[in-house]
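# No letters, just coordinates:
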């Protein structure tokens, strides 16, 4: 398990300075730490695609945005990723919790848990699955892609971050 | 008033504000009257002009930011009205050209003939809301809202009038991003 605090500090160190999203229990610790820090404003969005728009506007205004969401919101985002971020070269770091990773989650998460990687691949959305060994390397890769103007997703399974509730 | 007439009233009133345009005929009308580097033409991602505009406004409080939206876009992302009201950027003016239709796709009716979008915005918590139906009211309403603290909402009721021969935005999406960001990073005039 990675400390949400360690990861949020790493994000700040990399220059990420705008946060928006729709919560997931798996990301509750990370969201709480970010929201509690006045240096890292967090904007609650009503739906994941609205958070994509908000992050896009923040990027256009000179910020480096992070979108925090559950994989259940991926479907809502596909039009925004493909007809906004990818074609306009508007990057965003997506931290996406992976409900249903091992097929044993609540019923509503099983199908998306099985297909979220396929959806990302099909949409030309590059991503890494976070592990305790690769998180620094994955974030470095993400930063390189973002510098090239591309969105990048970090998938975080259950228990990857310590929760905050 | 026809939609085109509304654009002909609004566009000359713009000075150096960043303007986020909703997709469809909103982009095309504005582009063909006057192309500006500070215009962000959102050609896809329907519904997101409002959240993009919010993202710009809260991060550039020194810049009055304008969204030119359509009724179909607002109805699709009604929740974003709540996000704007909650974030409460003083520097945001949200203009909605309301033709009660999806005009770019063949004039199918929308729901705004029976749902008053300015009342929705007011209930959500926009500080200022105005509705105009005559083109002679646009200049005064626009200037008043530009002077007051927002978030502000200007609903302009129009009749569909889009001429399909109106050209599309000819910049590539990447060019739109690059020049918008460059113009926004330059010091204010």
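Yep, that arrived. Everything numeric in this text was worked out from a predicted model, so none of it was measured.
# which residues touch the most centrally placed residue in chain A?
Here the mean C-alpha position of chain A is nearest to the C-alpha of residue A:95 (Cα atoms, centre = their mean), at a distance of 1.7 Å. Shown in contact with residue A:95 (Cβ atoms under 8 Å, 6 or more residues apart in numbering or on different chains): A:21, A:27, A:30, A:66, A:67, A:68, A:69, A:153, A:154, A:156. The C-beta positions use only the backbone N, C-alpha and C, and glycine is treated the same way.
# do the same with residue A:24
Going by Cβ under 8 Å, 6+ apart, residue A:24 touches A:68, A:69, A:70, A:97, A:99.
# Tell me the one of the residues you listed nearest chain B?
Taking Cβ to the nearest Cβ as the measure, chain B lies nearest residue A:69 of the contacts of residue A:24, at 14.0 Å.
# Neighbours of that closest one, how many?
Residue A:69 is flanked by 26 other residues according to other Cβ atoms under 10 Å in any protein chain shown.
# That one looks like it's in a helix, true?
No: counting by DSSP: H, G, I helix; E, B strand; the rest coil, residue A:69 falls outside a helix, being strand.
# Can you tell me the closest non-neighbouring residue to the residue in chain A that chain B sits nearest to?
Relative to chain B, the nearest point of chain A is residue A:57 (2.0 Å; Cβ to the nearest Cβ). The spatial neighbour of residue A:57 that comes closest, neighbours along the chain excluded (Cβ to Cβ, 6 or more residues apart in numbering or on different chains), is residue B:55 at 2.0 Å.
# which element is that neighbour on?
helix B:49-59 (DSSP states H and E).
# avg pLDDT for that helix?
Helix B:49-59 comes out with an average pLDDT of 98.
# Could I get the full set of strands for chain A?
Per DSSP state E, chain A carries strands over the ranges A:18-21, A:42-44, A:65-70, A:93-98, A:126-129, A:152-157.
# Near chain A, which residues of chain B are found?
Counting by Cβ under 8 Å from any Cβ of the partner chain, the residues of chain B lying close to chain A are B:20, B:40, B:42-60, B:77, B:79-80, B:82-83, B:86-87, B:173-174, B:176-178, B:180-181, B:184-185.
# now the residues you listed: which count as buried?
Burial by neighbour count, 16 or more other Cβ atoms under 10 Å in any protein chain shown: within the residues of chain B next to chain A this picks out B:20, B:40, B:42-43, B:45-60, B:77, B:79-80, B:82-83, B:87, B:173, B:176-178, B:180-181, B:184.
# quick one, what contacts the residue of chain A closest to chain B?
Residue A:57 sits next to B:20, B:51, B:52, B:53, B:54, B:55, B:56, B:57, B:59 when contact means Cβ under 8 Å, 6+ apart.
# do that again at 10 Å, thanks
By Cβ atoms under 10 Å, 6 or more residues apart in numbering or on different chains, residue A:57 lies in contact with A:18, A:20, A:63, A:65, A:90, B:18, B:20, B:40, B:48-60, B:65, B:67.
# same check, this time on residue B:10
Listed by Cβ under 10 Å, 6+ apart, the contact set of residue B:10 reads B:19, B:29-30, B:33, B:66, B:68, B:95, B:97, B:135, B:138-139, B:142, B:154, B:156.
# And those residues, which two are furthest apart?
Farthest-apart pair in the contacts of residue B:10 is B:19 and B:135; separation 19.1 Å (Cβ to Cβ).
# Can you read off the pLDDT for residue A:162?
Note on residue A:162: pLDDT of 87.
# on that earlier part again, pick out whichever of residue B:19 and residue B:135 has more residues nearby.
Just comparing residue B:19 and residue B:135: by other Cβ under 10 Å the higher neighbour count belongs to residue B:19, 24 against 16.
# Where does residue B:139 sit, in terms of helix or strand?
Using DSSP H and E, residue B:139 sits within helix B:138-147.
# What helices and strands are in contact with that helix?
Contacts defined by 3 or more Cβ pairs under 10 Å, 6 or more residues apart in numbering or on different chains; DSSP states H and E place helix B:138-147 against helix B:3-10, strand B:65-70, strand B:92-98, strand B:128-132, strand B:152-157.
# Check the ones you listed for me and report the most buried one.
Greatest average neighbour count among the helices and strands packed on helix B:138-147 goes to strand B:65-70 (a mean of 29), per mean count of other Cβ atoms under 10 Å in any protein chain shown.
# Name every strand pairing with it and say which way it goes.
Strand B:65-70 has the following strand partners under DSSP bridges: strand B:19-21 (parallel), strand B:92-98 (parallel).
# With distance to residue A:4 added, can I get these in TSV?
What follows is the strands paired with strand B:65-70, written out as TSV (distance: least, Cβ to Cβ, whole Å):
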stretch	distance to residue A:4
strand B:19-21	33
strand B:92-98	32
